[in-house]
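K.L.:
please find the sequence and the predicted model below.
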Amino acid sequence: MKLYRIGEIARMANVSHRTVDYYTKLGLITPEKRSDSNYRYYSDETLSRLKRIESMKQEKYTLEEIKSSLDLIHKVSRDDHVTDKLASLQLQMQQLEREVKELSPLIDQLKPNQAKKMYKLLTPQSAACIEALLLLLGKGPLL
């Protein structure tokens, strides 16, 4: 397993040294080990986690939300591939949930005929996803 010093991992993740230090203090990332001279060394898993954190920040999540989300996913699986997939799915679902919340007032204003026409234009998978999200948000079915 290759280990990186703080400057190396910061450069590879396209963040500042101070960002890595801050995330470490918050517990978002943890060093794999420390050297005798107290240098922190980070792993490839940390690099993946840093990239996930930055991606979630782009989606406007707070650092607290990111930490709880990543901690929950990490508890489910320690396999990086599974963790990456779960994190990606969770991001997509949360993005869809935000979009449904934005669209919800518009959908509520549709007349029944307009809603039926819109519904017919959707693929079955899209319609099922919208229905599921509306149910999760407590809105009930689209039609």
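P.N.:
That came in fine, so what should we check first? Numbers count the residues shown, from 1 in each chain.

K.L.:
so, low pLDDT: which residues of the chain?
P.N.:
73-84, 86-88, 119, 123, 127, 136-143 (pLDDT under 70).

K.L.:
okay, strands next: where are they in the chain?
P.N.:
Applying DSSP state E to the chain gives strands spanning 4-5, 33-34, 40-42.

K.L.:
of those, flag the one that's most buried.
P.N.:
strand 40-42 (a mean of 21; mean count of other C-beta atoms under 10 Å). C-beta here means a position set from N, CA and C on the backbone, and glycine is covered the same way.

K.L.:
just how off-centre is that one within its chain?
P.N.:
24 Å (C-alpha atoms, centre = their mean, to the nearest Å).

K.L.:
what's the answer for stretch 34-54, then?
P.N.:
Between the centre of stretch 34-54 and the centre of its chain there are 19 Å (C-alpha atoms, centre = their mean).

K.L.:
how about that stretch: buried residues?
P.N.:
40-43, 45-53 (16 or more other C-beta atoms under 10 Å).

K.L.:
and it, end to end?
P.N.:
Separation of the first and last residues of stretch 34-54 by C-alpha to C-alpha, to the nearest Å is 24 Å.

K.L.:
who touches residue 132 in this structure?
P.N.:
With contacts defined as C-beta atoms under 8 Å, 6 or more residues apart in numbering, residue 132 has no neighbours.

K.L.:
give me the contacts around stretch 54-68.
P.N.:
Residues contacting stretch 54-68 (C-beta under 8 Å, 6+ apart): 13-15, 26-28, 53, 69, 91, 94-95.

K.L.:
just send the strands of the chain back as CSV, with distance to residue 101 too.
P.N.:
Listed next are the strands of the chain as CSV, based on distance: least, C-beta to C-beta, whole Å:
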stretch, distance to residue 101
strand 4-5, 39
strand 33-34, 43
strand 40-42, 36
